[in-house]
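Q: Below are the sequence and a predicted model; questions follow.
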Amino acid sequence: MSSTSSSHTAPTTALPSRQPLSRRLRERIRSFSLHPRIRRWTRKRHGIDPDPLTLPGRRIYILPTGLGVTYGFMLFAMFLGAMNYGNNLALGLAFLLGALGLTAMHHSHRNLAGVRIHSAGCEPVFAGQIARFRVAIENPSPLPRYELTVGNDVGMAQPERIEPNGRTMLEVKLPANKRGLLALPYFELATRHPFGLFRAWSVLHPELHCVVYPRPSAPGKPPPLLETDTGGAQDLSRGDEDFAGLRSFHPGDSPSRIAWKAYARDQSLQVKLYAGTEVTSHVFDWDMLAGLGVEARLSQLCRWIEDAHAAGHAFGLKLPGTHIPTNVGASHRQRCLTALALFQSDERPAES
Amino acid sequence: MSGLPRVEAVSPLGRKLSWVIAGLALAVVPHVPHLSLWILVLLGAAVAARIVTELKGWALPPKWLRILIAFGALFGVLATYRTLNGVEAGTALLVVMAGMKLLETRSVRDLTVIVFLAYFALFSGFLYNQELLLLPYMLATAWLLTATLMRVHQTTLAMPIRETASLTGKMMVQALPLAVLLFVLFPRLPGHFWSVPARSQATTGLDDELSPGDVSELSVSGAIAFRAKFAGELPPPRERYWRGPVLHDFDGRTWRRPLPFYIPQVVRPVGETYRYRITLEPHQRSWIFGLDVVTEWPTTAMRTSDLQLVTRRGAISTLTSFDLESATHYAVEAPLPTAMRNAALRLPQGRNPRAIELAQSLRASAASDEAFIEAVLTMFREQEFYYTLEPPRLERDSVDDFLFNTRRGFCEHFASAFTALARAAGIPARVVTGYHGGELNPMGGYLIVRQSDAHAWSEVWIDGKGWRRVDPTAAVAPERIEGGIDAALSADEPVPGRLIRNSRLLSSIRLAWDAANTFWNNQVIEFSESQQRWLANKIGLDVLGWRELGVAMAIALGAFFVILTGYLGWRFRPRVRDPVRQVYEELCRKFAKASLPRYPHEGPIDYLNRLATANPKNARDLSEARDIYVGLRYGPSPNPSNLSRLKYIVNRLEA
């Protein structure tokens, strides 16, 4: 399947004309199945799919592939030859292979029908990256499912086999071009099992979103001056000068602050707390960037947040109508970046 | 495949390639006898080259070289077969193409194309050979090719060989009923869409000329010429003359050519007529070996002026059947047309002078033509003439040499000598070649006629009576006519199949096998409209046209879809294997009916507590069920015997 899947990774709209005719033709046939009009129609017909969804048979489409059409022509040639020579065994072979093709069609269909599809979310990405929506496919049947794959016109994932009562995780890719909440409008669950003569697929419309952070602007503009706080360990904005004790680990804490020695000693994750005279922190304020456009401001804020997080500095964020107090850690970074991503957009992050 | 050294050194494509090569090889094997050697060598070289490039990781041959080889091979086929049309050239081309394609296999698509070509090779194998014996091999090859097709399209490598084989085997079994139904129901067209080029391959069988030694050569072949199944009684063994080419031109040694012109013959059968179905093995000629004179024949055949039956559709290149009616004796009331009389009297100038002299003296002393014939036969019978499979070589004047020197001969020697003598005596005479006899297969109730039954006899024209069959062999070796060739030849002569015929067990095995073959030939290979009609009558249909067949096929297709969908759905149905969950779901169902369904977010404790509150009279049972379920499900050491208690509680609960 290497030849076909590689062709799918290229966007269908920008096909180089030097590709062989057969390849272009196949792209045509494929893109036909994904024609926006048809897609809108299927979406209207099916609505948003529940999660998890047990795929019903009537949701599955099936068409012969290029090889399937070739197979059909071969059978027709055999049929004509057998009839012409009045050769019953040759005719029998042609009928056997024809019936085999129809059987393969049923198997292809059955290979998809009845699988359970769970959407498993998507890690946030920066604008310009590719969002990877994870989809869990579960096989509740006592027989294995072969060569299942998911994808869209961006590309199909490497097909996977799912054992009886097993499940597998597949990824649907979608380029994230602008910040905000990226919805996965649809994806296909497809198979070419057993002989590659037929492609069975189902178009699914999940309620799946990905948070797309603004694209960080180029490094260069220095961050606003550090605010030095000589206070102790009373608030969450701590520096890293003096060791002040341990507290239990919470998700989102920086791995560099985990007390590994303590972990080795009594097997519980602890985080080192510091208190010091120089607790450095930034407050990244929307108003500091007067003179830039909205997106440019968000990109710059994003860059600062990334730099500060990488350096382990504490930071806070001020946006019109939003104020996130100074803090550190992965979850704080995520909160700030999400605020940037969703700034002045109507969408709200999906509940997770 | 086992020859590959290290498995990890072989790429996924390489592993698929070994399957494809194996499948292709199996599909080509039946073609080996009739493919030119160079084509087989070319294919072998392509396979070897492809395996080496795969193992060594070399690049495939460059495009210009492949094109060069491909054109060379194309011209080679053209030069060898003089055409690209027809089964032989087509098969050769197919094999060459598969070999060429092998040299450029880079992708799954290329491999698939080779599998398709191999399917086609398998298909064309049936055009050569439709024997029952070959069927298991062909089916196994089809299976392997299908398994190969599946493996080629596997991107996940984990599928074990056994699983591939069993999955494709199951699919073939599922496909088989539909294939059989389509085979039975598809309307059979008479005739061809386009002309079928005759096969150039030589086959053993009668020729259209007869020289001394020709028939005895045939007699060593046990190959089957045709089979005949009679509707009523069989003709007695002595009357089983099967007419082939009738020969007129004699050059002193060789008899040639039937009459080159057509004069319709009116024939009156004398005595009983027989109805039968004759099934001819392909012999690449248009002759139909009817029992002596055919009185009724289908429109696809015609009767020549020599009363020989031939097809109107060219050579018989596949097993073919005809329904005929024949008489073993016949009379022609019209006088013999002059052209025919002349053709039946002509003798070469200056050849066989002693024979001519003998004939003239015998005719002078005989009262009539019939008395002359009797005199010649008496001569054969009473003088020292011997019937043998290995007669000495004859000189240029073969009749003289035979009559006066060697006196040892096979049927063609006697027929040739007799016809020459009759002509010399002024009696119109001709040589008839064909078969005589046939082995009755009691299991199928039909006659098997083999090449070893080939025979030659004479026909002479008696004015007022017409053509009369005279078999001089019967005079010298009456056993040949009564009991077949075994009986006529002495025990030390090498007769094919004599050993088998002498052993009762071997003989019955052979006959059983032939009966199976005949059933196969008549019911499968020769399956046609008449069988369809017979089947339709069996199920009570008396009309059978395209419409009925079309409707039946549509029903078959629909039934196939419904049954296969149902079967696969049943096989794939999810099965709940967890008994604890089953009981819990039963409980949930009960209360869902009482409009107290479990909310999706509700765990068992919350839910059962809620139920207990809503159902005070069942509160005790519900809380016990809760404790048992939670214990079984989440407890540190679930007690399996609690399951039956849980089942009991759930059963007696009334929502």
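A: Looks like it arrived, so ask away. Remember, it's a predicted structure, so these values are computed and weren't measured experimentally. Numbering: from 1, shown residues only, chains lettered A, B, ... in the order given.
Q: show me what contacts residue 103?
A: Since no chain was named, I'll use chain A. Taking C-beta atoms under 8 Å, 6 or more residues apart in numbering or on different chains as the criterion, residue A:103 is in contact with B:171, B:174, B:175, B:178, B:564. Any C-beta I mention is one placed from the backbone N, CA and C, and that applies to glycine too.
Q: think we crossed wires, I meant chain B
A: B:46, B:49, B:50, B:60, B:61, B:66, B:69.
Q: what are the phi and psi angles of residue B:30?
A: Taking degrees, to the nearest 10, you get phi -60, psi -20 for the backbone angles of residue B:30.
Q: Please disregard the earlier target; I meant residue B:444.
A: Dihedral pair for residue B:444: phi -110, psi -10, per degrees, to the nearest 10.
Q: helix/strand/coil for the closest residue to chain A within the stretch 201-350 of chain B?
A: Closest to chain A within the stretch 201-350 of chain B is residue B:318: 6.1 Å, counting by C-beta to the nearest C-beta. Look at residue B:318: counting by DSSP: H, G, I helix; E, B strand; the rest coil, its state is coil.
Q: so it touches residue A:82, yeah?
A: No - using C-beta atoms under 8 Å, residue B:318 is not in contact with residue A:82; the gap is 11.0 Å.
Q: So for residue B:333, what's the nearest residue that isn't a sequence neighbour?
A: Nearest residue to residue B:333 in three dimensions, chain neighbours excluded: residue B:268, at 6.4 Å (C-beta to C-beta, 6 or more residues apart in numbering or on different chains).
Q: Contact partners for that neighbour?
A: Residues in contact with residue B:268 (C-beta under 8 Å, 6+ apart) are B:330, B:331, B:332, B:333.
Q: on that earlier part again, for burial, what's the neighbour tally of the residue of the stretch 201-350 of chain B closest to chain A?
A: Neighbourhood size, residue B:318 [other C-beta atoms under 10 Å in any protein chain shown]: 22.
Q: Let me know the pLDDT of it.
A: Model confidence at residue B:318, given as pLDDT, is 76.
Q: which phi and psi does the closest residue to it other than its chain neighbours have?
A: Nearest non-adjacent residue to residue B:318, counting by C-beta to C-beta, 6+ apart: residue B:282, 5.5 Å away. Note on residue B:282: its backbone torsions stand at phi -60, psi 130 [degrees, to the nearest 10].
Q: right, and residue B:282 touches residue B:311 too?
A: No - using C-beta under 8 Å, residue B:282 makes no contact with residue B:311, being 11.9 Å away.
Q: Show me whatever sits in contact with both of the two.
A: Residues within reach of residue B:282 and of residue B:311 at once, by C-beta under 8 Å, 6+ apart, are residue B:320.
Q: hmm, back to that, ok, of the contacts of residue B:103, which come out buried?
A: The neighbour-count test (16 or more other C-beta atoms under 10 Å in any protein chain shown) marks B:46, B:49, B:50, B:60, B:61, B:69 as buried among the contacts of residue B:103.
Q: Next one: residue B:67 from chain A, what distance?
A: Counting by C-beta to the nearest C-beta, to the nearest Å, the separation of residue B:67 from chain A is 16 Å.
Q: In terms of helices and strands, where is residue B:88?
A: Take DSSP states H and E as the rule and residue B:88 turns out to sit in helix B:86-102.
Q: for chain A, longest helix please?
A: When chain A is parsed with DSSP state H, its longest helix is helix A:88-112.
Q: for that one, the distance to its chain's centre please.
A: 37 Å (C-alpha atoms, centre = their mean, to the nearest Å).
Q: Kindly confirm my reading that residue B:440 is in a strand.
A: Yes - counting by three-state DSSP, residue B:440 is located in a strand.
Q: That one against residue B:511, yeah?
A: No - taking contacts as C-beta under 8 Å, residue B:440 lies outside contact range of residue B:511: 9.0 Å.
Q: So these two - more neighbours on which side?
A: Neighbours were counted for residue B:440 and for residue B:511 using other C-beta under 10 Å; residue B:511 has more, 18 against 14.
Q: the helices in chain A, which residues?
A: A:2-9, A:21-33, A:36-46, A:66-84, A:88-112, A:260-266, A:294-311, A:330-341.
Q: Sort out for me which of the contacts of residue B:103 are in strands.
A: Using DSSP state E, no member of the contacts of residue B:103 sits in strands.
Q: So which of these is the closest to residue B:611?
A: Nearest to residue B:611 among these: residue B:50, at 70.3 Å, using C-beta to C-beta.
Q: Setting aside sequence neighbours, what's the nearest residue to that closest one?
A: Distances taken as C-beta to C-beta, 6+ apart put residue B:102 closest to residue B:50, at 4.9 Å, once the chain neighbours are dropped.
Q: Pick the one among the contacts of residue A:103 closest to residue A:313.
A: residue B:171 (63.9 Å).
Q: Check the burial of the closest one by counting its neighbours.
A: Residue B:171: 22 neighbours (other C-beta under 10 Å).
Q: which SS state does it fall under?
A: With three-state DSSP as the basis, residue B:171 sits in helix.
Q: Surely it is in contact with residue A:195?
A: No - look at residue B:171 against residue A:195 with C-beta under 8 Å: they stay out of range, at 9.0 Å.
Q: shared neighbours of these two, anything?
A: Shared contacts of residue B:171 and residue A:195, counting by C-beta under 8 Å, 6+ apart, come down to A:104, B:146.
Q: Okay, now the unreliable bits of the stretch 51-200 of chain B?
A: Along the stretch 51-200 of chain B, the model assigns pLDDT under 70 to residues B:157-158, B:189-200.
Q: which residues does the residue nearest to residue B:333 bridge with?
A: Beta bridges link residue B:268 to residue B:331 when assigned by DSSP bridges.
Q: re the thing from before, can I get the helices of chain A in TSV including mean pLDDT?
A: Below are those laid out as TSV (pLDDT from 0 to 100):
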stretch	mean pLDDT
helix A:2-9	37
helix A:21-33	59
helix A:36-46	72
helix A:66-84	92
helix A:88-112	94
helix A:260-266	77
helix A:294-311	89
helix A:330-341	90
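Q: which one of the ones you listed lies closest to residue A:184?
A: So among the helices of chain A, helix A:36-46 is nearest, using C-beta to C-beta, at 12.2 Å.
Q: related to what we said a few turns ago, what distance do you get for the residue nearest to residue B:50 to residue B:371?
A: Residue B:102 is 76 Å from residue B:371, where distance means C-beta to C-beta, to the nearest Å.
Q: what about these two, which has more around it?
A: Shown here are residue B:102 and residue B:371; by other C-beta under 10 Å, residue B:102 has more neighbours (23 against 12).
Q: Got the phi and psi for the residue nearest to residue B:424 when sequence neighbours are not counted?
A: Among residues not flanking residue B:424 along the chain, residue B:359 sits closest, at 3.5 Å (C-beta to C-beta, 6+ apart). Dihedral pair for residue B:359: phi -60, psi -40, per degrees, to the nearest 10.
Q: still on that earlier bit, pick the most deeply packed of the helices of chain A.
A: helix A:88-112 (a mean of 23; mean count of other C-beta atoms under 10 Å in any protein chain shown).
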